[in-house]
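Undergrad: My questions concern the predicted model and sequence given below.
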Amino acid sequence: MSTKKSGNDFQNKIEKFLRQRGFDVINQKTSSRQITLASGQKVWTSSKQDIFACDLIAMKQKEKILFIQASMSGDVTKRLKDFKRYNFPLEHCIVQLWLKRDDGSIAIKEYDGEKLIDVSKIIRGKTYTIKENLLYENTSLIL
């Protein structure tokens with residue numbers, strides 16, 4: 001499976017997960033389009049425009065707006081650098097990095113304006129909150 005396809009599939013899973021919990025979601029996926037070069041040759045190219053370094057934006061009544069970067073790689077340093085380019089109003093929104101791990105679990109890190117903090121994990125569809133390096137099972141999504 002291509003990296004683009006895997007990334008889009010992961011974003012779709014996050015979108016579904018959030019929609020099942022009552023969120024409205026915008027999912028900015030990578031898309032392909034055909035262009036014609038000056039030589040007349042037609043080639044396919046991929047493009048994607050992140051929104052404030054994020055792939056998904058989700059909102060729900062009486063909740064802060066979620067900005068989510070979905071990542072298949074473990075390059076946390078790059079994602080943190082991307083987040084730092086923007087002045088997120090953290091009193092009104094939550095900025096997260098969702099990392100898909102090789103074992104299928106998802107690690108969720110939250111941006112506090114300076115660093116990324118482990119806040120949740122999703123393991124086989126169950127959500128867990130991380131507090132003091134311990135996992136607590138949730139009955140619903142708590143971010």
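TA: Thanks, I have the structure now. Numbers count the residues shown, from 1 in each chain.
Undergrad: Could you look up the next helix or strand downstream of the lengthiest helix in the chain?
TA: The residue-count maximum for a helix in the chain (DSSP state H) belongs to helix 3-19. Along the chain past helix 3-19, the next helix or strand (assigned with DSSP states H and E) turns out to be strand 24-27.
Undergrad: Which elements pack onto that next one?
TA: Judged by 3 or more C-beta pairs under 8 Å, 6 or more residues apart in numbering; DSSP states H and E, strand 24-27 is in contact with helix 3-19, strand 56-59. For glycine as for every other residue, the C-beta is placed from the backbone atoms N, C-alpha and C.
Undergrad: Name every strand pairing with it and say which way it goes.
TA: Here the strand partners of strand 24-27, with direction, are listed using DSSP bridges: strand 56-59 (antiparallel).
Undergrad: how about the very next helix or strand once past the partner strand: buried residues?
TA: With elements assigned by DSSP H and E, the helix or strand that comes after strand 56-59 is strand 65-71. Within strand 65-71, the residues that count as buried by 16 or more other C-beta atoms under 10 Å are 66-71.
Undergrad: any chance of the residues you listed in CSV, with pLDDT and distance to Ala53 too?
TA: Putting the buried residues of strand 65-71 into CSV (pLDDT from 0 to 100; distance: C-beta to C-beta, whole Å) gives the following:
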residue, pLDDT, distance to Ala53
Leu66, 95, 14
Phe67, 96, 8
Ile68, 95, 10
Gln69, 94, 6
Ala70, 93, 12
Ser71, 91, 11
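Undergrad: With distance to Thr36 added, can I get the residues you listed in TSV?
TA: Shown next, in TSV, are the buried residues of strand 65-71 (distance: C-beta to C-beta, whole Å):
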residue	distance to Thr36
Leu66	39
Phe67	36
Ile68	35
Gln69	33
Ala70	32
Ser71	33
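Undergrad: ok so, going back, okay, the helices and strands packed on strand 24-27 in CSV with mean neighbour count next?
TA: Formatted as CSV, the entries for these read as follows, by neighbours: other C-beta atoms under 10 Å:
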stretch, mean neighbour count
helix 3-19, 16
strand 56-59, 20
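Undergrad: Let me know which of those is the nearest to Val76.
TA: With C-beta to C-beta, the closest approach to Val76 among these belongs to helix 3-19: 16.0 Å.
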